[in-house]
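>>> need a structure here:
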Amino acid sequence: MDKTTLPHTPQNTKPKPKRRRVATIRNNHSDYKNDHPRKRNQKIQPIGLKKKIWLTIIEMISLSVTAIFAIIMLLGHSASRLSGTSFWNNLLPFAVGILGLIVTASIFLVGWWKLKKWLNQHSEFLSPTLSLALMLMVSWLITHDQVTLAYGHFRTLVGGKAEVGRITISHQVYAAYRRHDSAQLQKMIDRSQEFRRAIEEAARSFNIDVNLLRGIAATESSFIPRNSNDGGKGLFQITRIPTPVIAEAQKGLGLEKINLKNDRHNAFVAAATFKHYLAEMNNDLFLGLLAYNIGPANGGLRFIMQQYGATDFITIQPYLQTLPRDYPIRVLAYSLAFRIWDKKGKLLAYEEGNNAIHIQRIGIPGLSIGL
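Numbering: from 1, shown residues only. So this is what the prediction gives:
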């Protein structure tokens with residue numbers, strides 16, 4: 001037979017290779033694995049966004065606090081150095097300083113933006129951490145005496161005439177405290193302990209600074225309750241009580257009958273009376289104390305101020321006799337002594353070391369406190 005016609009035998013045939021499904025399965029499996037992390041990343045993304053928002057908020061708050069503090073200090077320092085009315089020596093340099101402050105702030109913002117981009121390449125926590133550190137450093141500087149002085153000058157710059165008047169009277173209070181004999185003040189503080197609870201309850205009931213109420217008691221009776229020749233009764237030397245005050249005192253005490261010989265009752269009536277006059281004088285502390293001292297006699301303080309055309313404590317002072325004129329100063333000097341005692345556990349000599357600035361930082365009860 002011809003070889004070309006030989007029948008097809010298994011020996012001369014090659015088996016067809018089998019298709020490998022394993023690779024396909026593995027590829028499918030690997031695709032599943034690759035898809036899985038992508039889905040997981042989509043779930044984590046909102047958490048990362050929240051973290052970024054919080055870090056941004058921290059950074060903005062820290063930078064804002066730092067900037068506000070720096071502006072206050074620079075303006076306060078400039079107001080101290082450049083105070084005056086001369087155009088060339090005072091007004092023009094101050095205006096140039098404001099312009100320089102604006103330019104400096106713009107440069108700082110641009111520089112911070114570039115620094116932030118560089119820091120974020122290393123860690124997203126670096127820029128918020130740095131801004132927080134700046135804020136903490138600024139907070140630490142608040143305790144320094146020079147900062148307190150600069151803040152005081154800033155208040156004068158912004159407050160204008162009203163702030164100048166407040167500072168003038170405040171220094172009268174500081175001077176009165178300085179003139180007090182420390183031994184006598186200590187005796188006053190020791191005697192006040194017996195009435196501490198009654199005064200604290202009255203102050204809390206009428207939302208009055210407790211040291212302010214102590215100062216009134218110290219001025220009125222030196223914490224020796226008695227009936228005086230001019231009709232004053234008890235711890236606060238209560239005389240004529242305005243009609244609305246009686247109802248307020250009864251409400252605070254929860255009683256229908258008031259006995260002025262009772263120290264607690266006396267304190268509640270005094271607190272209600274002072275609160276009444278303070279509201280009448282539009283919450284002006286000096287005028288409120290003066291009205292408390294004058295009482296309803298001769299039409300009260302409001303009528304007297306209208307009679308002389310006075311608008312505040314400074315303008316009414318020259319028209320008053322010595323006793324009522326000095327009354328708010330004496331009350332606040334005693335109140336200051338009580339506040340210093342509460343905070344320090346001792347009385348500070350005003351003229352020693354840096355005590356003057358330290359006492360001014362502590363602040364007069366009832367007035368806005370400095371840094």
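
>>> what's G309 sitting at in phi/psi?
Backbone torsions of G309, given as degrees, to the nearest 10, read phi 70, psi 20.

>>> gap between it and L290?
Separation of G309 from L290 (Cβ to Cβ, to the nearest Å): 16 Å. (C-beta placed from N, C-alpha, C; glycine too.)

>>> Settle it for me: which of the two has more neighbours?
L290 (24 against 9; other Cβ atoms under 10 Å).

>>> What segments of this protein are strands?
For the chain, the strands defined by DSSP state E occupy 226-227, 233-234.

>>> how near is D284 to G366?
10 Å.

>>> For stretch 108-116, the averaged confidence score.
Model confidence over stretch 108-116, given as mean pLDDT, is 90.

>>> Which residues does it contact?
L63, S127 (Cβ atoms under 8 Å, 6 or more residues apart in numbering).

>>> buried residues in that stretch?
W112, K116 (16 or more other Cβ atoms under 10 Å).

>>> ok now that stretch, how far from the chain's centre?
Mean-position distance between stretch 108-116 and its chain equals 30 Å (Cα atoms, centre = their mean, to the nearest Å).

>>> Stretch 142-154 too?
Worked out by Cα atoms, centre = their mean, stretch 142-154 lies 14 Å from the chain centre.

>>> again with stretch 105-123
Counting by Cα atoms, centre = their mean, stretch 105-123 comes out at 31 Å from the chain centroid.

>>> Pull up the gap between I364 and H171, please.
Distance from I364 to H171, by Cβ to Cβ: 10 Å.

>>> In terms of packing, which of the two has more residues around it?
The neighbour count for I364 versus H171, taken as other Cβ under 10 Å, is higher for I364 (26 against 11).

>>> Could you give the backbone dihedrals for the more buried one?
With angles defined as degrees, to the nearest 10, I364 sits at phi -90, psi 130.

>>> any idea how far it is from I167?
11 Å.

>>> repeat for K52
46 Å.

>>> Which of these two has more residues huddled nearby?
For K52 versus I167, the count of surrounding residues by other Cβ under 10 Å is larger for I167: 15 against 11.

>>> Surely that one and G152 touch.
Yes - in this structure, I167 is within contact of G152 by Cβ atoms under 8 Å, at 7.5 Å.

>>> mind listing what D230 touches?
T239.

>>> do the same with F274
F206, I208, L213, I216, G288, L289, Y292.

>>> how about those, which pair is most distant?
F206 and L289 (14.7 Å; Cβ to Cβ).

>>> So if I had to pick from those two, which one is more boxed in?
Applying other Cβ under 10 Å to F206 and L289 shows that L289 carries more neighbours, namely 28 against 21.

>>> Just give the closest residue to that one, not the sequence neighbours.
Sequence neighbours aside, P328 is the residue nearest to L289 in space, at 3.9 Å (criterion: Cβ to Cβ, 6 or more residues apart in numbering).

>>> Quick check: the one you found vs S62, distance?
Taking Cβ to Cβ, one finds P328 at 41 Å from S62.

>>> How much space separates the closest residue in space to G232 that isn't next to it in sequence from R339?
Spatially, and ignoring its direct neighbours in sequence, G232 is nearest to T239 (5.5 Å; Cβ to Cβ, 6+ apart). Noted for T239: a distance of 27 Å to R339, by Cβ to Cβ.

>>> more neighbours, those two?
R339 (23 against 15).

>>> give the contact list for that one.
Counting by Cβ under 8 Å, 6+ apart, the residues that R339 touches are N211, I362, G363, I364, P365.

>>> Export the residues you listed as CSV, with columns for pLDDT and distance to Q321.
Converted to CSV, the contacts of R339 look like this (pLDDT from 0 to 100; distance: Cβ to Cβ, whole Å):
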residue, pLDDT, distance to Q321
N211, 96, 27
I362, 91, 31
G363, 91, 29
I364, 94, 24
P365, 93, 25
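
>>> so which of those residues is the most crowded?
In terms of neighbours by other Cβ under 10 Å, these top out with I364 at 26 neighbours.

>>> Serialize the contacts of F274 to TSV and add fields for distance to S80.
Formatted as TSV, these follow (distance: Cβ to Cβ, whole Å):
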residue	distance to S80
F206	39
I208	34
L213	35
I216	35
G288	31
L289	30
Y292	36
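
>>> Next step: the residues you listed restricted to helices.
L213, I216, G288, L289, Y292 (DSSP state H).

>>> Low-confidence bits of the chain, can you list those?
The model of the chain has pLDDT under 70 over residues 1-47, 143, 145-146, 156, 159-162, 368-371.

>>> That concludes my questions; thank you for your assistance.
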